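A.B. asks: Predicted structure and sequence below. I'll ask about it afterward.
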Amino acid sequence: MGADNGIGAAAMLAIIAEHQIIKHGPLELLFTTSEEVGFDGAKALDPSWIKSRKIINLDSEDEGEFFIGCAGGGRVNGSWDLGYVNQPKNHQEYRLEITKLVGGHSGMEIDLGYANAIKLMGRILQGLQCFGLKVSALNGGDQMNAIPSEAEALVFLPIDQVDQAMLIFNGLVTAMRREYGPLEPNLQITLEKMDSDDGGVILPNDQEKILQMIAALPNGVVRFDPNKPTLVETSNNIGILKTDIVAGRYQLLITAMYRSSIESQMDYLESVIGSVFQLADGKYEALNRYPAWEPNFGTQLLALAQSVYQNLYDTRAEVKTVHAGLECAVWSRMFPEAEIISFDPTMRKVHSPDEEVDIDSVGRFYDFLLELLQNTGRFVMPMT
């Protein structure tokens, strides 16, 4: 990514390049791998490498905000062995495409109500099953931590049922555009006639189970924080769905990423997702679990950062927690006595093809970072 994570890494590289003219105390600069996957690099760190106990994490999304807590999370992978039969006679092949959704970060933007292309696709396919629809292939999303903005399916419809099926299809599209309205102004859903090939279709029983599974999976906000109703506590994102050939077998693969600021809710949601997969006769495995980062509003580092920001820009920075994963959760467990904050310049549409960073905010962010480093002692700055 060029903005999310990348701009923090660039700031650290700039400090290295300019270390002879920048005033600061001893620094430890930490670059990690696979942050987006599940903090794999952070988890693999040998704690003995790090001496600092004040940590600045350069991985947030809004200038003028200090984060001191985050949700934990993990992913659940589901898989199904699929039976296929030959392309049916007297059927026409179509490509269902859902494109131009907003997408976005599955933590930071999960509460904004954006559509999930995989859920929309499943809903349309279920609505057309009564006309003898047969599914050949399914694909949607490409990152577990991004709200899918596109999905497609290759399907067959009986030629004598096409007209009736199109009426239902158009009705579903109209309903979805009405439901999402201004949230998804560019929503495109098409059912395009294709030249039939020699491909096969999924067995009816397998197809039924898969579409029921997609419909039943929780997606979006699951629970708001009862102590702060505007803050998302628990959520799930269906991030990736695809049919593929694995080890010579046709399979359907799906990845869901759940988040919560409460460990027991993560346990529960992981169990719910796994149960849905098992009820549809699928296999599942839970991976990349990482803890929540519990906030501490009383650290000297936070007080110093607020003071420096106030003096520099004559305004007070907001102190927040975030419904997204930060490596700070790993550091807080690895170094329980450490003081930790996270901040960054302003970024938009992260984890989407339209990801961007506000250039003006980068300058202010960097100036503040240097000022903060001049006013404190030993730090470690972890960055992916």
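C.D. replies: Yes, it's here.
A.B. asks: Low-confidence stretches in the protein?
C.D. replies: For the chain, applying pLDDT under 70 flags the ranges 1-3, 37-38, 196-198, 351-352, 377-384.
A.B. asks: could you redo the last one with a cut-off of 50?
C.D. replies: Flagging of the chain using pLDDT under 50 yields the residue ranges 1, 378, 384.
A.B. asks: the longest helix in it is where?
C.D. replies: helix 162-180 (DSSP state H).
A.B. asks: Describe which strands whichever helix or strand comes after that helix pairs with in its sheet and in which direction.
C.D. replies: On the C-terminal side of helix 162-180, the nearest following helix or strand under DSSP states H and E is strand 188-193. Here strand 188-193 is paired, per DSSP bridges, with strand 91-99 (antiparallel).
A.B. asks: quick one: buried residues of the strand it pairs with?
C.D. replies: Within strand 91-99, the residues that qualify as buried by neighbour count (16 or more other Cβ atoms under 10 Å) are 91, 93-94, 96-98. In short, each C-beta sits where N, CA and C put it, glycine included.
A.B. asks: all helices of the stretch 201-350 of the chain, in order?
C.D. replies: 204-216, 263-279, 300-313, 328-334 (DSSP state H, counting those that start in this stretch).
A.B. asks: ranking these by burial, who's on top?
C.D. replies: Across these, the average number of neighbours (mean count of other Cβ atoms under 10 Å) peaks for helix 328-334, which reaches a mean of 21.
A.B. asks: can you give me how far that helix is from the chain middle?
C.D. replies: Going by Cα atoms, centre = their mean, to the nearest Å, the spacing between the C-alpha centre of helix 328-334 and its chain's C-alpha centre is 20 Å.
A.B. asks: counting contacts, what elements does that helix pack onto?
C.D. replies: Helix 328-334 is packed against helix 40-43, strand 54-57, strand 65-70, strand 339-342, with contacts defined by 3 or more Cβ pairs under 8 Å, 6 or more residues apart in numbering; DSSP states H and E.
A.B. asks: Please repeat the previous calculation with a cut-off of 6 Å.
C.D. replies: Judged by 3 or more Cβ pairs under 6 Å, 6 or more residues apart in numbering; DSSP states H and E, helix 328-334 is in contact with strand 339-342.
A.B. asks: what's in contact with the strand it packs on?
C.D. replies: Contact partners of strand 339-342, identified using Cβ atoms under 6 Å, 6 or more residues apart in numbering, comprise 54-55, 57, 60, 66-68, 299, 301-302, 305, 326, 328, 331.
A.B. asks: cutoff 7 Å now
C.D. replies: Applying Cβ atoms under 7 Å, 6 or more residues apart in numbering, the contact partners of strand 339-342 are 53-57, 59-60, 66-68, 299-302, 305, 326, 328, 331-332.
A.B. asks: same question, stretch 118-135
C.D. replies: Contacts of stretch 118-135 with the rest of the structure, by Cβ under 7 Å, 6+ apart, involve 88, 91, 96, 98, 140-141, 148, 151, 153, 155-158, 161, 164-165, 168-169, 172, 176, 201-202, 207, 211, 214-215, 219, 238, 241.
A.B. asks: List buried residues within those.
C.D. replies: Buried members of these, scored by 16+ other Cβ under 10 Å, are 91, 96, 98, 140-141, 148, 151, 153, 155-158, 161, 165, 169, 172, 176, 201-202, 207, 211, 214, 219, 238, 241.
A.B. asks: Of all the helices of the stretch 201-350 of the chain, which one is nearest Thr32?
C.D. replies: Ranking the helices of the stretch 201-350 of the chain by proximity to Thr32 (Cβ to Cβ) places helix 328-334 first, at 9.1 Å.
A.B. asks: so what's the residue lying closest to Met121 once chain neighbours are set aside bridging to?
C.D. replies: Spatial nearest neighbour of Met121, excluding adjacent residues (Cβ to Cβ, 6 or more residues apart in numbering): Ala151 at 4.2 Å. When assigned by DSSP bridges, Ala151 has beta-bridge partners Ile98, Gly140.
A.B. asks: next one: Val76
C.D. replies: Here Val76, judged by DSSP bridges, has bridge partners Ala256, Ala286.
A.B. asks: residue contacts, it?
C.D. replies: Going by Cβ under 7 Å, 6+ apart, Val76 touches 256, 270, 273-274, 284, 286.
A.B. asks: Ile273 - nearest residue in space that isn't next to it in sequence?
C.D. replies: Ile273 sits nearest to Val76 (Cβ to Cβ, 6+ apart), 4.5 Å away.
A.B. asks: Please identify which pair of the buried residues of strand 91-99 lies farthest apart.
C.D. replies: His91 and Ile98 (21.9 Å).
A.B. asks: Next, format the helices of the stretch 201-350 of the chain as CSV and append distance to Val102.
C.D. replies: Formatted as CSV, these follow (distance: least, Cβ to Cβ, whole Å):
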stretch, distance to Val102
helix 204-216, 20
helix 263-279, 24
helix 300-313, 31
helix 328-334, 27
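A.B. asks: Quick check: which of the ones you listed is nearest to Ser361?
C.D. replies: Of the helices of the stretch 201-350 of the chain, nearest to Ser361 by Cβ to Cβ is helix 300-313, at 11.4 Å.
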